[in-house]
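In: below are the sequence and a predicted model; questions follow.
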Amino acid sequence: MAFDGLVVRAVVHELQPFVGGRIHKIHQPNEHDLVFTIRGQGVTRKLLLSANPTYPRFHLTDRSYQNPLEAPMFCMLLRKYCENGVVEAIEQLGMERIVHLRVRQRDELGDLSVKRIVFELMGRHSNIILMDPETNTVLEAAHRVTPAISAHRIVAPGSAYVPPPEQEKRDPLADGGSDVAAALGDAAGDPEAAAKRLVETYSGISPTAARAIVAGGADAAAAFAEAMARIGRHEYEPNIAEDAARGKSSFSVVPLPVPEGGRRETFDDVSACLERFYGDKAERDLVKQRTHDLMRLLVNERNKNEKKLEKLQETIDEARDADKYRIYGELLNAYMHTFEKGDASVEAANYYDEEQRSVAIPLDPLLTPSENAQRYFRKYQKMKNSLGVVEEQMAQAREEIRYMDILLQQLEGASIADIEEIRSELVEGGYLRRRGGVGKDGKRGRKNDKPAIHAYRSSEGIPLYVGRNNMQNDYITNRLAHPNDTWLHAKDMPGSHVVIRSDAFGDATLAEAANLAAYYSKGKQSSLVPVDYTLVRHVKKPSGAKPGFVIYDKQKTLFVTPDERKLRELPSLK
């Protein structure tokens, strides 16, 4: 994995200013993640520890995390033993992916108590463990490991803490050039073989870092020794290399080679690098988990309305043939003397046909000739009357499909906060039940009057507001925006409302706002996405329309190719 011992060493070094600092708050946004708010040397920062099985990591973060209404038991225990405590040490175990945080706190009796938080970055086996170092006893863990899960290592309250088995590899910071050359042996001349040998021999070295160190160098041993000397002096170069052709990216604290057609981005500190690399990936993963039930609901609703449209179209097609039944009724009246009750059909010359061709008219044998004629007249009238109702039902079904498409597009790019607002919207619309049986006026069921708003500042210093769901779209367009502000939306496709919060701005601001509207739309992966823009006073919400739906006029259109890099360059509006 890319988060190797070298990266762990860099993060631990970056955290040293917080040794001696105090832990002010501890939150647990979900089952895998912990966020510590620590103040050290006059600076307050948030430290993320994530035992996510797909994206385990730890680093300083500026992100906001949505916390549950009730803190999990593990979080409550950490607060009891560590909140308001002093961080005595943050240490890496050798060059392994294991970190110890030692915290000193006074207990309820005023006695000093020292606890240790052990963070193990072990892929899907990653864990965060709170233990008592005096008794070497586990107090609790983010992920308990019972005998039923593993017979070799138990991680549960009351059990003795046993560290993960050592890999019995050499310390890369201890060996010089000659030692490395001996370790490489006959693999020294082959970069791929040399990188593999380094991974097998030294602890804390990932294949990504090993390949980067020996790439392009004739002397792999010297290159490795020199790189480890820099790591020993805490000279790190956090960077991310993107391989556009393969759609992959990697990171390290040693310089990575730039793939052909790719790019490399460098960072001043390792936390910023990790935040960039992992932040969106981890959030998308969590969003995917939390939106699974909503996606299924929306897809089912969409499919249901698609089938309804098909049935209604059949009714429409049948109703358009209604004149046939009127003609049958009139022909039966004209030829009533030619058949009687009990007949299954009758042949009659169709005087509505220019060629007077004969037509076979089906009869109900249980009805009299007059009743058969009236049956066709009633069928004709029923079909004619149903056309208006069916067309109205078809319009409603199409509107439902459009609405489901909008919500599905919004879920694709949603944040955790956005998901909860979309869920609330579906509850208000009657598509979902309220959670936990909370009544309509209950606190947990109350509609948020002011949703979370995503806001940026343009290169000209002008506020740009983006609605990432219908509640946000309604708020920024109908309540936040002024009549002379400019409103943007991707043309004829689901997407976000964007508002330029000013009546005077340049082309740069308009282009940046249009990029936001194109990026947060169904055309995100397309090129030359049409984006309409007009003044807010020309945007109206029809009475009774679904959330987020508006009509507008006097618009102009730009064609924009969505650019995520330009979006990232826009500073957030605090």
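Out: Sure, I can see it. Everything quoted here is computed from the prediction, not taken from an experiment. Residues are numbered from 1 along each chain as shown.

In: mind checking how far Asn239 is from Glu283?
Out: 22 Å (CB to CB, to the nearest Å). C-beta here means a position set from N, CA and C on the backbone, and glycine is covered the same way.

In: go on, Leu387?
Out: Leu387 is 49 Å from Glu283, by CB to CB.

In: quick check: Ala334 touching Val346?
Out: No. Using CB atoms under 8 Å, Ala334 is not in contact with Val346, being 10.9 Å away.

In: pick out whichever of those two has more residues nearby.
Out: More crowded of Ala334 and Val346, by other CB atoms under 10 Å: Val346, with 20 against 13.

In: so where do the helices sit in the chain?
Out: 5-15, 73-82, 177-184, 191-201, 207-214, 220-232, 270-319, 322-334, 369-412, 416-428, 470-475, 507-519, 564-569 (DSSP state H).

In: show residues contacting stretch 392-404.
Out: Residues from elsewhere that reach stretch 392-404 (CB atoms under 8 Å, 6 or more residues apart in numbering): 298-299, 301-302, 305-306, 308-309, 312-313, 316, 494, 546, 549.

In: that stretch - what's its average pLDDT?
Out: For stretch 392-404, mean pLDDT is 90.

In: now do the contacts for Ile129.
Out: By CB under 8 Å, 6+ apart, the contact set of Ile129 is 117-120, 138, 140-142, 155, 161.

In: can we see that at 7 Å?
Out: Ile129 makes contacts with 118, 138, 141, 155, 161, as judged by CB atoms under 7 Å, 6 or more residues apart in numbering.

In: circling back to that earlier point, could you flag which of the contacts of stretch 392-404 are buried?
Out: 298, 301-302, 305, 308-309, 312, 316, 494, 546, 549 (16 or more other CB atoms under 10 Å).

In: redo those as JSON lines? Include pLDDT and distance to Glu275.
Out: Compiled in JSON lines, those are given as follows (pLDDT from 0 to 100; distance: CB to CB, whole Å):
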{"residue": "Leu298", "pLDDT": "91", "distance to Glu275": "31"}
{"residue": "Glu301", "pLDDT": "92", "distance to Glu275": "37"}
{"residue": "Arg302", "pLDDT": "93", "distance to Glu275": "36"}
{"residue": "Asn305", "pLDDT": "94", "distance to Glu275": "41"}
{"residue": "Lys308", "pLDDT": "93", "distance to Glu275": "46"}
{"residue": "Leu309", "pLDDT": "92", "distance to Glu275": "46"}
{"residue": "Leu312", "pLDDT": "89", "distance to Glu275": "51"}
{"residue": "Ile316", "pLDDT": "82", "distance to Glu275": "55"}
{"residue": "Pro494", "pLDDT": "91", "distance to Glu275": "29"}
{"residue": "Lys546", "pLDDT": "88", "distance to Glu275": "37"}
{"residue": "Phe549", "pLDDT": "92", "distance to Glu275": "36"}
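
In: show me the strands in the stretch 101-250 of the chain, by range?
Out: Ranges of strands within the stretch 101-250 of the chain are 112-120, 127-132, 137-141, 239-243, 248-252, based on DSSP state E, counting those that start in this stretch.

In: dump stretch 350-359 to PDB, keeping only the CA atoms.
Out: These are the backbone C-alpha positions of stretch 350-359, laid out as PDB (Å, rounded to 0.1, in the frame of the first residue of the first chain):
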ATOM      1  CA  ASN A 350     -69.300  -0.300 -43.600                       C
ATOM      2  CA  TYR A 351     -70.900   2.700 -45.300                       C
ATOM      3  CA  TYR A 352     -68.200   4.900 -43.800                       C
ATOM      4  CA  ASP A 353     -65.700   3.200 -46.000                       C
ATOM      5  CA  GLU A 354     -65.400   4.600 -49.600                       C
ATOM      6  CA  GLU A 355     -65.400   1.000 -51.000                       C
ATOM      7  CA  GLN A 356     -68.300  -0.100 -48.700                       C
ATOM      8  CA  ARG A 357     -66.200  -3.100 -47.500                       C
ATOM      9  CA  SER A 358     -67.800  -5.600 -45.200                       C
ATOM     10  CA  VAL A 359     -66.700  -5.600 -41.500                       C
END
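
In: report the buried residues of it.
Out: Asn350.

In: isn't Phe18 right up against Val86?
Out: No. Judged on CB atoms under 7 Å, Phe18 makes no contact with Val86 at a distance of 10.3 Å.

In: ok, residues contacting the lowest-mean-pLDDT helix or strand in the chain?
Out: When each helix and strand of the chain is scored by mean pLDDT, DSSP states H and E, helix 416-428 comes last, with a mean of 84. With CB under 7 Å, 6+ apart as the test, helix 416-428 has contacts from 66, 283, 286-287, 290-291, 294, 407, 410-411, 414, 432, 434, 447-448, 451-452, 468-472, 547.

In: quick one: end-to-end distance for stretch 342-351.
Out: 25 Å (CA to CA, to the nearest Å).

In: can you show me the strands along the stretch 451-574 of the chain?
Out: Per DSSP E, counting those that start in this stretch, the stretch 451-574 of the chain carries strands over the ranges 454-457, 463-466, 486-490, 498-500, 529-535, 539-540, 551-552, 556-560.

In: give me whichever of those strands is most buried.
Out: Greatest average neighbour count among the strands of the stretch 451-574 of the chain goes to strand 498-500 (a mean of 27), per mean count of other CB atoms under 10 Å.

In: direction included, what does it pair against?
Out: Partners of strand 498-500 in the sheet, by DSSP bridges, are strand 463-466 (antiparallel), strand 486-490 (antiparallel).

In: for Asp474, see how far away Gly548 is.
Out: 6 Å.

In: which residues are in contact with both of those two?
Out: Common neighbours of Gly548 and Asp474 (CB under 7 Å, 6+ apart) do not exist.

In: where in the stretch 401-550 of the chain is pLDDT low?
Out: For the stretch 401-550 of the chain, the stretches flagged by pLDDT under 70 are 435-449.

In: so which of Phe18 and Val86 has more stuff around it?
Out: Neighbours were counted for Phe18 and for Val86 using other CB under 10 Å; Phe18 has more, 22 against 18.

In: count the neighbours of the closest residue to the more buried one other than its chain neighbours for me.
Out: Among residues not flanking Phe18 along the chain, Gly40 sits closest, at 3.6 Å (CB to CB, 6 or more residues apart in numbering). When neighbours are counted by other CB under 10 Å, Gly40 registers 18.
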